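> Need a 3D model of the sequence below.
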Amino acid sequence: MNKLRNAFNWIIETLLITKRRKLEGQYLTAVKIMGFILASFYVFTGFYGMLSPESHRGVFFGITLALVFLWFPARKSSPMERFTWWDVFLAVLSLTLGIYFIMNYGDFVYRAGDYTGLDKLFGWLGIILSLEAARRGTGVPI
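Got it, this is the predicted structure:
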């Protein structure tokens, strides 16, 4: 029975649960500011309804992916009290992807399937970033 419990705990700790960083100092402040901006944006637009649904999707996608890359480390050996340059790069790329979606949504609709090379690049980038964020957030099972 004890071996079964140890096996269960090993599965939970190593495969299913990813550890969130315990950020400190300026790193924690930066992530809290991003979270505050996201929450404030949705509260404001919830009351006043100023943006289109696709703009909401772009903001949510960009900032949420950026927060995942900053909160969850890429590997177990990654530092837990700060994020690395790679995490910052992926977060900036996520924000860029959200901005690109918002700025070009009208063109996507107008072209209706006739995508440019840059559209395809950002599309593949969105898929890859989404999969990496899912891997970081859920762990090995993904």
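> Helix, strand, or coil at Arg21?
Under DSSP: H, G, I helix; E, B strand; the rest coil, the three-state class of Arg21 is coil.
> and what of Ala74?
coil.
> SS state for Val92?
Assignment for Val92 (three-state DSSP): helix.
> Look at it and say how many residues are nearby.
Using other Cβ atoms under 10 Å, the number of residues around Val92 comes to 13. In short, each C-beta sits where N, CA and C put it, glycine included.
> That one: what's it in contact with?
Ala66 (Cβ atoms under 8 Å, 6 or more residues apart in numbering).
> Next one: it from Ala66, what distance?
Distance of Val92 to Ala66, given as Cβ to Cβ, to the nearest Å: 8 Å.
> what about the worst-scoring helix or strand of the chain on mean pLDDT, distance to the chain center?
Lowest on mean pLDDT, DSSP states H and E among the helices and strands of the chain sits helix 2-10, with a mean of 77. Centre-to-centre, helix 2-10 and its host chain are 32 Å apart (Cα atoms, centre = their mean, to the nearest Å).
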